[in-house]
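A.B. asks: quick one, what's the 3D model for this:
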Amino acid sequence: MAGCDGRQKSRSYFTEVAQNLPKDTVILTAGCAKYRYNKLDLGDIGGIPRVLDAGQCNDCYSLVVIALKPKEVFGLDDLNDLPISYDIAWYEQKAVAVLLALLRLGVKEIRLGPTLPAFVSPTVLNVLVENFDIKPIGTVAEDIAAMMAGK
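C.D. replies: Next up, the predicted model:
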């Protein structure tokens, strides 16, 4: 989960996702969205914290490097073959860096929200949906179920 989630108290999607993900799930993060869940006691997996923070939105390259290593180790041709789900918090322009890095790598099925960027016209949204299967963030329960199903 990466990107900028703003400061409105009503935006609790990322907090709820972090709280409801299975306990054997690692959350890689970069950007302000982490402030929604990095104070929570989410535990660890074998001594490694479940939340691994790469820094600001601009540091999303570190997340890409982390994701590319298992692809290499497992000899996969496509990053989309890894059991990784992408939730991008949209609030301000720096989140574009995260999104563009993922699009450049050909990542599919990215969830974006809770609101869409103002510059996303219906035409641009159609291109993103058709070419990259971008989808808006839904409910926490539906999105976690889709993540666990590999979608």
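
A.B. asks: from now on I want contacts and neighbour counts done on CA atoms only, so please keep to that.
C.D. replies: OK.

A.B. asks: quick one: low-confidence parts of this structure?
C.D. replies: Counting by pLDDT under 70, the chain contains low-confidence residues at 6-8, 91-95.

A.B. asks: now do the helices in it.
C.D. replies: Using DSSP state H, the helices of the chain run over 13-20, 60-73, 95-104, 122-132, 140-148.

A.B. asks: JSON lines for these, including distance to residue 116 and mean neighbour count?
C.D. replies: Shown next, in JSON lines, are those (distance: least, CA to CA, whole Å; neighbours: other CA atoms under 10 Å):
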{"stretch": "helix 13-20", "distance to residue 116": "14", "mean neighbour count": "18"}
{"stretch": "helix 60-73", "distance to residue 116": "19", "mean neighbour count": "15"}
{"stretch": "helix 95-104", "distance to residue 116": "11", "mean neighbour count": "18"}
{"stretch": "helix 122-132", "distance to residue 116": "9", "mean neighbour count": "13"}
{"stretch": "helix 140-148", "distance to residue 116": "16", "mean neighbour count": "15"}
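
A.B. asks: these: which one's closest to residue 27?
C.D. replies: Of all those, the one in closest proximity to residue 27, counting by CA to CA, is helix 13-20 (7.7 Å).

A.B. asks: output the contacting helices and strands for that closest one.
C.D. replies: helix 140-148 (3 or more CA pairs under 8 Å, 6 or more residues apart in numbering; DSSP states H and E).

A.B. asks: quick one, the helix it packs on and helix 13-20 angle?
C.D. replies: 60 degrees (axes from the mean of the first three to the mean of the last three CA atoms, to 10 degrees).

A.B. asks: mind listing what's buried in stretch 41-49?
C.D. replies: By neighbour count on 16 or more other CA atoms under 10 Å, the buried set for stretch 41-49 is residue 42.

A.B. asks: contacts for that stretch?
C.D. replies: Here stretch 41-49 makes contact (CA atoms under 8 Å, 6 or more residues apart in numbering) with 18-19, 23-24, 26, 50-51.

A.B. asks: out of those residues, who's nearest residue 122?
C.D. replies: So of the contacts of stretch 41-49, ranked by how close each gets to residue 122 (CA to CA), first place is residue 18, at 30.3 Å.
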